[in-house]
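*Asks:* All I have is the shape, not the residue letters:
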C-alpha cells in the first residue's frame, strides 16, 4: 500500500526533517509540502492525501482552521506536529491519530507511523483505543534543561548562556540570538529552540520573535490591536494578538 502524504509546516527546517524521516519509509509517498494553511487547503483538494502532517500555528490559517475546512469532505489521517502541548485536547476533538511535540526523537516518530498504519488498516471502532495510547505518549520525555546554547562561527564554537539571551529572531532556516550588543546565528528553527528554552522565562511574542520576559520593561497597545514591547536596551518588538495569551500566561497577568 502506498500512503500519499502531505507535510504542512511554516518552518522549512521542520519540513525538511519530516521529509528526511519519511524517505526511509517505503510505503509513504510525500506528494507535496506547504508552508501555510491556505496553500494546504488547495493542495488537499487537489492531491487528496491519505496522511497529513500538520503544524498548528501557521500564517493565513492555523492547523485547526485547515481541519475545519477539510472536515466538510473526506479528511485524511492527521498527525499534528507542534511545539505547543496545550493544543492536545483540541487535537483529540479533531480525531488526530497522534500529536508529535517538537523536538521529537526518531523512535517517537516511528511509533507515530505505527499508529498511522494501524489507523489506516483498522475499522473506525478502534479509534478510542488508539487515542488512549496517544495521550499516554503526551507525557513529556525527560530531557535535561538547556542552560547554554552551542553556536558555531567559522572555526570557533561559542557557548551562549540562556540567562544572557535578550530575544531571538527568526532568520529563514536559522535564528538570530540577540545577546546584549552581540548577535549570533544558530541553525535551528524557532519552534525547536522555543521547546528547549525554559517556558516560564521565554515566550513567543510574534511569529518571528521570542523574548526573555525578564528583559521587557513596558508594553503598550497599538491601534491595530497588537502591543508594542520595549526591552531594557530600548529594542522594540511587536506582540501580535496570536501570542498575547501565551505572554499573559508567562507574566501571570492579563494585558
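*Replies:* Nice, I can see it. Model, not experiment: these values are computed from the prediction.
*Asks:* low-scoring pLDDT stretches of the chain, where are they?
*Replies:* Scanning the chain for pLDDT under 70 picks out the ranges 60, 71-74, 92-94, 123-145.
*Asks:* Show me the helices in it, by range?
*Replies:* With DSSP state H as the criterion, the chain has helices at 12-22, 37-47, 63-70, 88-93, 106-121, 127-137, 190-196, 244-251.
*Asks:* Let me have those helices in TSV, extended by distance to residue 82.
*Replies:* From N, CA and C alone the C-beta is placed, and that goes for glycine too. Listed next are these as TSV, based on distance: least, CB to CB, whole Å:
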stretch	distance to residue 82
helix 12-22	10
helix 37-47	13
helix 63-70	8
helix 88-93	9
helix 106-121	13
helix 127-137	14
helix 190-196	7
helix 244-251	13
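*Asks:* measure residue 120 to residue 208 for me?
*Replies:* Between residue 120 and residue 208 the computed distance is 37 Å (CB to CB, to the nearest Å).
*Asks:* Ok, residue 56 next?
*Replies:* Applying CB to CB to residue 56 and residue 208 gives a distance of 17 Å.
*Asks:* Repeat that for residue 10.
*Replies:* Using CB to CB, we find residue 10 at a distance of 11 Å from residue 208.
*Asks:* Give me the residues contacting stretch 43-51.
*Replies:* 3-6, 28, 31-32, 34, 52, 66, 70, 73-74, 76-77, 79, 116, 120 (CB atoms under 8 Å, 6 or more residues apart in numbering).
*Asks:* picking that back up, between the helices of the chain, which gets nearest to residue 170?
*Replies:* With CB to CB as the criterion, residue 170 lies closest to helix 190-196 of those, at 4.7 Å.
*Asks:* Show which residues not belonging to that closest one make contact with it.
*Replies:* 11, 13-14, 82-83, 101-103, 146, 149, 168, 170, 175, 186, 202, 204, 208, 210.
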